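A.B. asks: The following block contains a protein sequence and its predicted model.
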Amino acid sequence: MKKSNDSEKSKGVVVFAFNTEQVDYVKIADQTSRLIQHNLKLPVTIITDPTAETKFDYDKIIRVESSSGNIRTLHGKSMEWKNFGRYTAYELSPYNQTILLDTDYMVLDDSLLKLFASDLDYQLMHTSHNPDRVIDTAMGPVSSLFVWATVVVFKKSQYSKQFFNLVGRIQKNYGYYKNLFNANGNYRNDYAFAMANIIQNGYTPNNEYSIPWSMLTIENPIQDIEIKDNFAIVKEESRAHVIAMQDMHIMDKDFLVSDRLERLVNVLVS
Amino acid sequence: MTEITNLVEQVKRSTDYQINKRLLREKAMADMHLPFEGGMFKITPELLGFVASWPVDWIILEDIYQNPIEVDKVVFLAQASQLYNKTMSNWHREHEKIKRFRKV
């Protein structure tokens, strides 16, 4: 595993992984980090529970107490989701330039590296599409659009620090900000990052700090993903997609915690 | 496995060429982004043609974030042309392949 040192320390990837009773996020992170290492050639730092056992050779393991979980419904199941504290990524990241990724984001190419060349202090994923359409991103019927906190790129700067502090302020006072923005539902990092971005830019919705492409999200349950002729064949229950190698956000946690993911990663990094 | 089960399995896994084609185009469009001098540009035939026709060595271009970026025409054109060619070649090659993936 490539370790960060003084000269290389400037760039790296940070993932948050806090296990719940239903999902072993650390197990997922162990696999998706192999893809990060293989395709981006960057050191990976994991931020996790004090007792979590990791298998991947992380650059750094930062252990923090997780707060209580949130509840989210996915594929008809209510699932606990420990998503608080993402704003601490700014302080906890050991890198000058950081790609902050959700554990369910599979890095299958090196496109994220382009974002390091930007002058922007932080960059957020504004758009995501599934195989059928662009995914709606309103925080509520009469609210603004959220961003996908699945991928956040930032550099250590006063402007970024202010942004992440604002995300933290929004999390801690979510009742107020939820009403201010007419947002629906429980706390989501997607919402908090969007609110902070709007506030920091003069209470103006904007695409100034956006990652300039759309993220592919597979929302449906996945039976398997096979690699054939440099394409990923994503098999859902009643159909399949043939997808040229590109990053994917996989929502199906059952697939991610299964041995199918490990087998897939073995093929991809071999 | 009976013939009908096989058939059902095949049908279930039928892949939609139009969706695959759209996903492939989305990737190609993403790959067309070129970071340059702190700005981010989406390389298009129009941009390439415009820069190539510019009469002097330095040109100020608007990037995708609506910022004016001063670039060296020759250096920019070299990188942009290379990216365009590579991306379009990949797109073409992969498009030819997905035509054959009607069933998986």
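C.D. replies: Received it, and whenever you're ready, just let me know what you need. Numbers count the residues shown, from 1 in each chain, chains lettered A, B, ... in the order given.
A.B. asks: Now do the strands in chain B.
C.D. replies: Counting by DSSP state E, chain B forms strands over residues B:33-36, B:39-42, B:58-62, B:68-72, given from the N-terminal end onward.
A.B. asks: B:Lys86 is nearest to which of those?
C.D. replies: Distances from B:Lys86 to each of those were compared using CB to CB; the minimum, 10.9 Å, belongs to strand B:33-36. Quick note: C-beta positions are derived from backbone N, CA and C, even for glycine.
A.B. asks: who's in contact with that closest one?
C.D. replies: Residues outside strand B:33-36 that contact it (CB atoms under 8 Å, 6 or more residues apart in numbering or on different chains): A:114-115, A:117-118, A:212-213, B:40-43, B:64, B:69, B:71, B:76, B:79-80, B:83.
A.B. asks: Can you name the residues of chain A that neighbour chain B?
C.D. replies: Neighbours of chain B within chain A, by CB under 8 Å from any CB of the partner chain: A:111, A:114-115, A:117-120, A:129, A:131-132, A:207-208, A:212-214, A:216, A:228-229, A:231, A:233, A:235, A:237-244, A:246.
A.B. asks: Just the buried ones among the residues you listed, please.
C.D. replies: For the residues of chain A next to chain B, a burial check counting by 16 or more other CB atoms under 10 Å in any protein chain shown picks out A:111, A:114-115, A:118, A:120, A:129, A:131, A:207, A:212-214, A:216, A:231, A:233, A:235, A:239-244, A:246.
A.B. asks: In strands, which of those fall?
C.D. replies: Cross-referencing these with the strands (criterion: DSSP E) gives A:His129, A:Leu216, A:Phe231, A:Ile233, A:Lys235, A:Ala240, A:His241, A:Val242, A:Ile243, A:Ala244 as the overlap.
A.B. asks: Please report how far the spatially closest residue to A:Asn184 that is not a sequence neighbour lies from chain B.
C.D. replies: Excluding the flanking residues, the one nearest A:Asn184 by CB to CB, 6 or more residues apart in numbering or on different chains is A:Gly140, at 4.2 Å. Per CB to the nearest CB, to the nearest Å, A:Gly140 is found 27 Å from chain B.
A.B. asks: State the pLDDT value of A:Gly140.
C.D. replies: The predicted local distance difference test score for A:Gly140 is 94.
A.B. asks: who touches A:Phe255 in this structure?
C.D. replies: Neighbouring residues of A:Phe255 by CB under 8 Å, 6+ apart: A:Pro221, A:Ile222, A:Asp224, A:Ile225, A:Leu261.
A.B. asks: Does the first one touch A:Asp254 like I think?
C.D. replies: This means A:Pro221. Yes. Under the criterion of CB atoms under 8 Å, A:Pro221 makes contact with A:Asp254 at 6.8 Å.
A.B. asks: neighbours around B:Thr44, how many?
C.D. replies: By other CB atoms under 10 Å in any protein chain shown, the residues close to B:Thr44 number 13.
A.B. asks: is it true that A:Asp49 touches A:Gly85?
C.D. replies: No. Counting by CB under 8 Å, no contact exists between A:Asp49 and A:Gly85, whose distance comes to 11.5 Å.
A.B. asks: tell me, what's touching those two both at once?
C.D. replies: With CB under 8 Å, 6+ apart as the test, A:Asp49 and A:Gly85 both reach A:Val64, A:Ser66.
A.B. asks: Can you show me the strands along the stretch 101-250 of chain A?
C.D. replies: Counting by DSSP state E, counting those that start in this stretch, the stretch 101-250 of chain A has these strands, from start to end: A:105-106, A:122-125, A:128-129, A:148-155, A:210-211, A:215-218, A:222-228, A:231-236, A:240-244, A:248-250.
A.B. asks: and those as a markdown table, adding mean pLDDT?
C.D. replies: Rendered in a markdown table, the data for the strands of the stretch 101-250 of chain A read as follows (pLDDT from 0 to 100):
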| stretch | mean pLDDT |
| --- | --- |
| strand A:105-106 | 98 |
| strand A:122-125 | 97 |
| strand A:128-129 | 97 |
| strand A:148-155 | 97 |
| strand A:210-211 | 96 |
| strand A:215-218 | 98 |
| strand A:222-228 | 95 |
| strand A:231-236 | 94 |
| strand A:240-244 | 92 |
| strand A:248-250 | 97 |
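A.B. asks: between these, which one is nearest to A:Pro43?
C.D. replies: When the strands of the stretch 101-250 of chain A are compared by CB to CB, strand A:148-155 sits nearest A:Pro43, at 15.3 Å.
A.B. asks: buried set for the closest one?
C.D. replies: Those buried within strand A:148-155 under the rule 16+ other CB under 10 Å are A:Trp148, A:Ala149, A:Thr150, A:Val151, A:Val152, A:Val153, A:Phe154, A:Lys155.
A.B. asks: which of those residues lies closest to B:Arg93?
C.D. replies: For B:Arg93, the nearest member of those is A:Val151. The distance, counting by CB to CB, is 27.1 Å.
A.B. asks: bridging residues for that closest one?
C.D. replies: When bridges are taken as DSSP bridges, the partners of A:Val151 come out as A:Leu101.
A.B. asks: what's the answer for the one 4 residues further on, then?
C.D. replies: Applying DSSP bridges to A:Lys155 yields these beta-bridge partners: A:Gln97.
A.B. asks: thinking again about what came up before, got a PyMOL select line for the buried ones in the contacts of A:Phe255?
C.D. replies: With 16+ other CB under 10 Å as the burial test, the buried ones among the contacts of A:Phe255 are selected in PyMOL as follows:
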select buried, chain A and resi 222+225+261
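A.B. asks: Chain B: which of the contacts of A:Phe255 is nearest?
C.D. replies: If you rank these by distance to chain B using CB to the nearest CB, A:Asp224 comes first, at 10.1 Å.
A.B. asks: For residue 55, grab the count of nearby residues.
C.D. replies: You didn't pick a chain, so chain A it is. 12.
A.B. asks: Sorry, I should have been clearer: chain B.
C.D. replies: Taking other CB under 10 Å as the definition, B:Pro55 ends up with a neighbour count of 6.
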